[in-house]
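# test case, fold it:
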Amino acid sequence: MNILITGVHGFVGSNLVKALSSNNIIYGLDIVTPEKEGVAKTFSWDELPQLTNMQINAVIHLAGKAHDTHNKSAADIYFKVNTGLTQKIFDWYMANPTPKKFIFFSTVKSVADHVPGDILTEECVPTSVGPYGESKVQAENHIIQSFAPAAMERPFHNFSDADVSDSFKVSDGSNKQVYIMRPCMIHGPGNKGNLNLLYGVVKKGIPWPLGAFENRRSFTCIDNLCYVINGLLTKDVESGIYHMGDDEALSTNELIAIMCEVMGKQPHIWKMNKRFMEGCAGLGTLLHLPLNTERLRKLTENYVVSNAKIKAALGIDKLPVTAKEGLMKTVLSFEETE
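Below is the predicted model of the structure:
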């Protein structure tokens, strides 16, 4: 299979190349075009029209502007990159009769900054907050409007192969298939994801004072992500929106314990009174201190993402790597490079 990966030089792209290049021919599309092991050739975005005659069978669209947690990026950059490039590559895909599958990497943040209820499923109304999530929603909407417009009338914008026009066929006569992937926080060797702050606290032996808050969060191990993408490419999976996360959600306390296990340290978790900590955070809001009400909410909220739909679509009961195994592998890579 000939696979085109946009953003091929990024963290996810590099890992997909390693996972897929032994059985496929990989081409890249990126803002930089150096040679890369496992990639036959990387093209610039200006060279996209040249790819029309290259018999590309599948497109994996990763290129995007990552979420700036420090909020220093101008809003228009997110829309120019996350929305604009998605429109460009998807329109090329739809106009080209050769590629059958299109996989777009969106994010759970496109639909929910906070999880309503116990778990975030695909049956949720998009309520993104900020330009990062909003730009991803607009990119999703362009794909759905172009590929399965009837789905835009539904509250969750969910679609399937049944919604797709028979005119959207590839050269072998079969229908095109489109997947919108919404992973939660991706991590792996060499990439801490959003674990930077917590990792630094644990590394320095600083006690964690929020142990009384038993929040749970989902993570996405890069090995599991690559496994799922390979399944989408090799199996006849229904078009649609799919959330992605590891099988197990973990509390911050469990996450600290995993980090300490890798480091050979004893975890220092203080279960300070919740009301006391909430009072301190309220005072921090008034005095503009690092621990304020919003930061406390972020540190202690639940964000559990369901992966039931993607596992059912792939015909599997569980992913190959547990959340703990994936996190241990990630943390170990940081220890080895320091």
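# could you export the strand ranked longest in the chain as CSV, CA atoms only?
Assignment by DSSP state E gives strand 177-183 as the longest strand of the chain. The C-alpha trace of strand 177-183 is given here as CSV (Å, rounded to 0.1, in the frame of the first residue of the first chain):
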residue,chain,number,x,y,z
GLN,A,177,-13.7,5.5,3.6
VAL,A,178,-13.0,8.4,6.0
TYR,A,179,-12.1,8.3,9.6
ILE,A,180,-12.0,11.2,12.1
MET,A,181,-9.8,10.1,15.0
ARG,A,182,-10.1,12.0,18.3
PRO,A,183,-7.2,10.8,20.6
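# how about residues contacting it?
Residues from elsewhere that reach strand 177-183, judged by CB atoms under 8 Å, 6 or more residues apart in numbering: 100-108, 110-111, 122, 140, 143-144, 147-148, 161, 164, 220, 225, 228-229, 232, 237-245, 305. For every residue, glycine as well, the C-beta is placed using N, CA and C.
# just the ones of those residues in strands?
Judged by DSSP E, the contacts of strand 177-183 include 101-105, 220, 240-244 as members of strands.
# who does the longest strand of the chain pair up with?
Strand 177-183 has its sheet partners listed here by DSSP bridges as strand 101-105 (parallel), strand 240-244 (parallel).
# distance from the first one to the middle of the chain?
Which is strand 101-105. How far strand 101-105 lies from its chain's middle: 12 Å, per CA atoms, centre = their mean, to the nearest Å.
# which residues are contacting it?
Outside of strand 101-105, the residues within contact range by CB under 8 Å, 6+ apart are 12, 57-62, 64, 86, 90, 93, 139-140, 143, 176-181, 183, 229, 232-233.
# isn't residue 241 right next to residue 154, touching?
No. With contact defined as CB atoms under 8 Å, residue 241 does not count as touching residue 154 (10.9 Å).
# so for these two, which sits in the more crowded spot?
Counted by other CB atoms under 10 Å, residue 241 and residue 154 do not tie: residue 241 has more neighbours, with 27 against 14.
# what's near enough to touch that one?
Residue 241 makes contact with 122, 140, 156-159, 179-180, 182 under the criterion CB under 8 Å, 6+ apart.
# and the closest residue to residue 100 other than its chain neighbours, how far from residue 103?
Residue nearest to residue 100 in three dimensions, not counting chain neighbours: residue 170, with 4.6 Å by CB to CB, 6 or more residues apart in numbering. According to CB to CB, to the nearest Å, residue 170 stands 15 Å off from residue 103.
# tell me the contacts of the residue nearest to residue 100?
Contacts for residue 170 (CB under 8 Å, 6+ apart) come out as 97-100, 176.
# any idea which of the residues you listed has the most stuff around it?
Most surrounded of the contacts of residue 170: other CB under 10 Å gives residue 99, at 23 neighbours.
# what degree of burial does the residue lying closest to that residue once chain neighbours are set aside show, as a neighbour count?
Counting by CB to CB, 6+ apart, residue 99 lies nearest to residue 56, which is 4.8 Å off, once chain neighbours are set aside. By the criterion of other CB under 10 Å, residue 56 has 21 neighbours.
# from here on, call the first residue 17.
Taking 17 as the first residue, the last one we looked at is residue 72.
# got the confidence number for residue 72?
As predicted, residue 72 sits at a pLDDT of 96.
# can you tell me the helix or strand for it?
Assigned by DSSP states H and E, residue 72 belongs to no helix or strand.
# one more: the one 4 residues further on?
Residue 76 is part of strand 74-77, with elements assigned from DSSP H and E.
# what's downstream of that strand, the next helix or strand?
Once the chain leaves strand 74-77, the next helix or strand it forms, by DSSP H and E, is helix 91-94.
# shaky segments in the stretch 217-354 of the chain?
354 (pLDDT under 70).
# which residues are contacting the lengthiest helix in the chain?
Counting residues, the longest helix found in the chain (DSSP state H) is helix 146-163. Residues outside helix 146-163 that contact it (CB under 8 Å, 6+ apart): 80-81, 83-84, 87, 89, 91-92, 94-95, 97-99, 102-103, 106-107, 110, 118, 120, 122-123, 125-127, 129, 142, 144, 167-168, 173, 175, 180, 184, 192, 194, 196, 255, 257.
# quick one: it to chain centroid distance?
Distance of helix 146-163 from its chain centroid, counting by CA atoms, centre = their mean, is 14 Å.
# what residues does residue 272 make contact with?
214, 218, 224, 283, 285.
# for the second one, what is the enclosing helix or strand?
Residue 218 belongs to helix 212-219 when assigned by DSSP H and E.
# how close does the closest residue in space to residue 323 that isn't next to it in sequence sit to residue 288?
With sequence-adjacent residues excluded and distances taken as CB to CB, 6+ apart, residue 323 is closest to residue 261, at 5.1 Å. Here residue 261 is placed at a distance of 29 Å from residue 288 (CB to CB).
# compare those two (neighbour count), which wins?
Higher neighbour count among residue 261 and residue 288: residue 261, with 29 against 16, using other CB under 10 Å.
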